[in-house]
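Participant: Take a look and give me a structure for this.
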Amino acid sequence: MPKKPFGQEALIPDEHQWIVTPLYQYTEFDNVWIGGRKQDITFPVDHGFDQNDFTIMAEYGFHTNWAVDAMIGFTDLATRAWSTPPGSVRHTRGLSDTTYGLRYQVWNERTAESKWTPTLTLRAGGIYRGTYQKDFPFAPGSGGVGIEVEAMAQKSFGWEGLAGYATVGYRDIRSGANSQLFATVGINQKFRGVTLSAGYRHQQSTTGFDARATGITGNTIVYTSYVKEINEQFEAGIGYTDKHDRHWQFYYQGNFDGRNTGDKDTYGIYVSFPIGGKRGRD
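Facilitator: Numbering: from 1, shown residues only. As a prediction, the model looks like this:
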């Protein structure tokens, strides 16, 4: 599901501040891993998968070091793979998985006494399935209902403007899909208002089975929300914070390995609008 990359959720709104973030994300892929085997899905037509996600995230700082957040959106996924008749368009669309949570910032490196202290934020929340077809091949979400916990950190290094980020989390899906582990790690380099970021992303289901291509030419597929999906990705982006503390971000995420998932290229753009509060966000 779309979310802010590069560990940015380690930063929380000021007390009595809203941050509203509309986000658009486009994903495409012409190859998939069925089990551990990579397969081209553009035969007999030169078309794979296209996915569009429109999301809005709202955050509110209700007390010192405390914030709540919620994210809701719309998703549309279309493909000509595994369709009947061959080459016809299959699609699923509807509400994305909705998330909501509570964040607590344990440490803030700006105000910490020790130079070794990172910014560290903990989050606990829930996830509720969207209205798309959750058993659609390579569906646009987990299709489940559950809870999630996450730790997010940022840390500046000695070199001016150089920083690192890391996140780790677990989704305990109670119905409709498999539980998941996810993590990221990477670096940021700031040049005044511009930030360059690059890192590694990992996401996997903790249990499940492999999807299966069937038919003489593999032109049908057995896929449910209980497949064991694994994504290994790199990510990169450029962000800009203007004089009004609005943060503009473009990012790219690409698979270099996986299991029961698409060989995806993902492009995203968003802007965060702070409303109220006293402290700026760099």
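Participant: thought residue 106 was touching residue 121?
Facilitator: Yes. Taking contacts as C-beta atoms under 8 Å, residue 106 lies within contact range of residue 121: 6.8 Å. Every C-beta, even on glycine, is put in place using the N, C-alpha and C of the backbone.
Participant: give the contact list for the closest residue to residue 100 other than its chain neighbours.
Facilitator: Residue nearest to residue 100 in three dimensions, not counting chain neighbours: residue 70, with 4.3 Å by C-beta to C-beta, 6 or more residues apart in numbering. By C-beta atoms under 8 Å, 6 or more residues apart in numbering, the residues touching residue 70 are 57, 58, 98, 99, 100, 101.
Participant: Check the gap between residue 70 and residue 269 for me.
Facilitator: Separation of residue 70 from residue 269 (C-beta to C-beta, to the nearest Å) stands at 21 Å.
Participant: cool, and residue 127?
Facilitator: 24 Å.
Participant: Please apply the same query to residue 98.
Facilitator: For residue 98, the distance to residue 269 (C-beta to C-beta) stands at 21 Å.
Participant: what about these two, which has more around it?
Facilitator: residue 98 (17 against 14; other C-beta atoms under 10 Å).
Participant: quick revisit: more neighbours: which of residue 106 and residue 121?
Facilitator: A count of neighbours by other C-beta under 10 Å puts residue 121 above the other of residue 106 and residue 121, at 24 against 13.
Participant: hang on, the more buried one packs against residue 149?
Facilitator: No. Using C-beta under 8 Å, residue 121 is not in contact with residue 149; the gap is 11.9 Å.
Participant: could I get the contacts of residue 70 as CSV with secondary structure?
Facilitator: Formatted as CSV, the contacts of residue 70 follow (DSSP: H, G, I helix; E, B strand; the rest coil):
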residue, secondary structure
57, strand
58, strand
98, strand
99, strand
100, strand
101, strand
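Participant: which one of those residues is nearest residue 178?
Facilitator: Here the nearest of the contacts of residue 70 to residue 178, counting by C-beta to C-beta, is residue 99; it sits at 17.0 Å.
Participant: residues touching that closest one, list them.
Facilitator: 1, 3, 69, 70, 71, 125, 126, 127, 128, 148.
Participant: ok, it to residue 17 distance?
Facilitator: In this view, residue 99 and residue 17 are 20 Å apart by C-beta to C-beta.
Participant: same deal with residue 59?
Facilitator: For residue 59, the distance to residue 17 (C-beta to C-beta) stands at 8 Å.
Participant: Which one's more surrounded, the two?
Facilitator: residue 59 (23 against 20).
Participant: Which of the helices or strands spans that one?
Facilitator: Using DSSP states H and E, residue 59 sits within strand 49-63.
Participant: what about residue 168, how many neighbours?
Facilitator: When neighbours are counted by other C-beta under 10 Å, residue 168 comes out with 15.
Participant: got it, and residue 201?
Facilitator: Under the neighbour criterion other C-beta under 10 Å, residue 201 is assigned a count of 19.
Participant: Now do the same contact list for the residue nearest to it when sequence neighbours are not counted.
Facilitator: Sequence neighbours aside, residue 233 is the residue nearest to residue 201 in space, at 4.3 Å (criterion: C-beta to C-beta, 6+ apart). Residue 233 sits next to 200, 201, 202, 203, 253, 254, 255, 256, 264 when contact means C-beta under 8 Å, 6+ apart.
Participant: Same question for residue 108.
Facilitator: Contacts here follow C-beta under 8 Å, 6+ apart; on that basis residue 108 touches 65, 119.
Participant: in the sheet, who's paired with the nearest residue to residue 193 once chain neighbours are set aside?
Facilitator: Excluding the flanking residues, the one nearest residue 193 by C-beta to C-beta, 6+ apart is residue 241, at 4.9 Å. Taking DSSP bridges as the rule, residue 241 bridges to residue 247.
Participant: Need the per-residue pLDDT for residue 241.
Facilitator: Here, the pLDDT recorded for residue 241 equals 95.
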